[in-house]
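# got a structure for you, letters missing:
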């Protein structure tokens, strides 16, 4: 007990005398606040020494976060020390004390230091953080992207034009044939985004304008949606990130099943080779379950076009569920397993997509999109230490598994005869 108390007293003495006043001190590598681009700093925006002393002596305390050292961080201060009790409760106590003394002048982050995986507290002036407003040009740009996406969705559902893109504007009337498929896929995209929006409102997360990304191959790659404010905790991020894919997968799967149950309206439907269902483990498994022996290798079959449209919607949801960068899957993996694990998932996903792009042009365009637009890092959360509730973790893992099942190929033959032949 005496040794421990002596060590604490020494640490406190060091903390009280350890204020660094040199503005030229370099911040250690491995930023605890990745993705934050501070505004241009001047001396009036930096935290003065007197304020740092108040933060250390009156805001942080033995019952929350015992400060052992501090160092300058951009316009703020990074405090190192020992976290006492639950991170969420300590964060609330520290935030309340800081607001009572300083009002809304400063922002607190309770994070994990990437250098040693220990908790750190970062306090920065709110004036150094990016604004939460949405610029007017964003709406115009998002609208333009949306119109182009509608066009590619229409084009994707008119095979006659896909083979000769140059004739599209000479045969605009043919685009009307793509309206039903465009409507179904756009509905799935809309439901996906509405899932994000509804849950974001309930958790206090502010979302930017969704930018729908057009694609010649599948109509659309989904939407890129920026988070405008600082997310309070990992559980909130998990809820928002998982809500979109869950909504899209749910409706898409229902429509996919209906496509097998309902007869084609024209009595013919779409003629496809059975081998096409090998492209997805989920689609192939459902097709084998519902069609049985009708599904034979090398045999063309007629299906309701709703099957193809819903499958495209499922694929778009699956692509957005890849655990990489700031995709829904990347945000889910970050929320469940933390920043370091999320970075590893991103690296692995980009590497696998890069390899897949040698054989699949969709993978090529998607890895380019992730690398240049969605690579991350994910902006810091107010409190990143507390793990999400297990029920939300289960939903997040479900999204990742569904995305994997849609993207992985179905490896088994569709007829028993071919299985027996393999063993002979």
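Received it, and whenever you're ready, just let me know what you need. All of these numbers come straight from a predicted model, not from anything done at the bench.

# only C-alpha atoms from now on, for both contacts and neighbour counts.
Fine.

# so where's this protein shaky on pLDDT?
Across the chain, the ranges flagged by pLDDT under 70 are 1-45, 132-136, 159-172, 373-376, 416-424.

# how near is residue 304 to residue 71?
Separation of residue 304 from residue 71 (C-alpha to C-alpha, to the nearest Å): 64 Å.

# this structure: strands as residue ranges?
65-73, 76-83, 106-112, 119-125, 211-215, 219-224, 270-273, 300-303 (DSSP state E).

# the residue most central in space within the chain and residue 334, how far apart?
The residue lying closest to the centre of the chain (C-alpha atoms, centre = their mean) is residue 328, at 2.5 Å. Noted for residue 328: a distance of 10 Å to residue 334, by C-alpha to C-alpha.

# this structure: helices as residue ranges?
2-17, 49-54, 87-102, 136-156, 159-162, 179-203, 234-261, 281-291, 305-320, 328-337, 339-356, 361-369, 390-407, 416-423 (DSSP state H).

# what's the angle from the third one to strand 106-112?
Orientation note: helix 87-102 sits at an angle of 160 degrees relative to strand 106-112 (axes from the mean of the first three to the mean of the last three C-alpha atoms, to 10 degrees).

# gap between helix 87-102 and the chain center?
The chain centroid and the centroid of helix 87-102 are separated by 29 Å, computed with C-alpha atoms, centre = their mean, to the nearest Å.

# counting contacts, what elements does it pack onto?
strand 106-112 (3 or more C-alpha pairs under 8 Å, 6 or more residues apart in numbering; DSSP states H and E).

# mind giving me the packing neighbours of the strand it packs on?
Going by 3+ C-alpha pairs under 8 Å, 6+ apart, strand 106-112 lies up against helix 87-102, strand 119-125.

# and the first one, what's buried?
Right, helix 87-102. For helix 87-102, the neighbour count (16 or more other C-alpha atoms under 10 Å) marks 87, 88, 90, 91, 93, 94, 95, 98, 99 as buried.

# what of the shortest one?
Judged by neighbour count using 16+ other C-alpha under 10 Å, the buried positions of strand 119-125 are 119, 120, 121, 122, 123, 124, 125.

# isn't the fifth one right next to residue 108, touching?
Yes - taking contacts as C-alpha atoms under 8 Å, residue 123 lies within contact range of residue 108: 4.7 Å.

# who are the contact partners of the residue nearest to the centre of the chain?
Applying C-alpha atoms under 8 Å, 6 or more residues apart in numbering to residue 328 gives the contacts 241, 242, 244, 245, 320, 321, 322.

# neighbours of residue 389, how many?
12 (other C-alpha atoms under 10 Å).

# actually residue 104, not the one I typed
Neighbours of residue 104 (other C-alpha under 10 Å): 12.

# can you tell me which residues contact it?
So residue 104 contacts residue 126 (C-alpha under 8 Å, 6+ apart).

# what does it show for phi and psi?
Phi and psi for residue 104, reported as degrees, to the nearest 10, are phi -100, psi 30.

# I'd like to know how far it sits from residue 127.
Residue 104 is 10 Å from residue 127, by C-alpha to C-alpha.

# try residue 257
Relative to residue 127, and taking C-alpha to C-alpha, residue 257 is found at 52 Å.

# equivalent analysis for residue 187, please.
In terms of C-alpha to C-alpha, residue 187 sits 40 Å off from residue 127.

# ok, now residue 221?
36 Å.

# OK, contacts around residue 414?
Listed by C-alpha under 8 Å, 6+ apart, the contact partners of residue 414 are 288, 293, 295, 296, 297.

# for the last one, which residues are in contact?
The contact partners of residue 297, by C-alpha under 8 Å, 6+ apart, come to 274, 275, 413, 414, 415.

# only the buried subset of these, as a ChimeraX command please.
In ChimeraX, a selection of the buried entries from the contacts of residue 297 looks like this (16+ other C-alpha under 10 Å):
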select :274,275,413,414
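
# possible to save the contacts of residue 297 as CSV with distance to residue 313?
Converted to CSV, the contacts of residue 297 look like this (distance: C-alpha to C-alpha, whole Å):
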residue, distance to residue 313
274, 20
275, 20
413, 25
414, 24
415, 28
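
# nearest to residue 49 among the contacts of residue 297?
residue 275 (69.8 Å; C-alpha to C-alpha).

# wait, doesn't residue 393 sit right on residue 336?
Yes - between residue 393 and residue 336 there is a contact under C-alpha under 8 Å: 6.2 Å.
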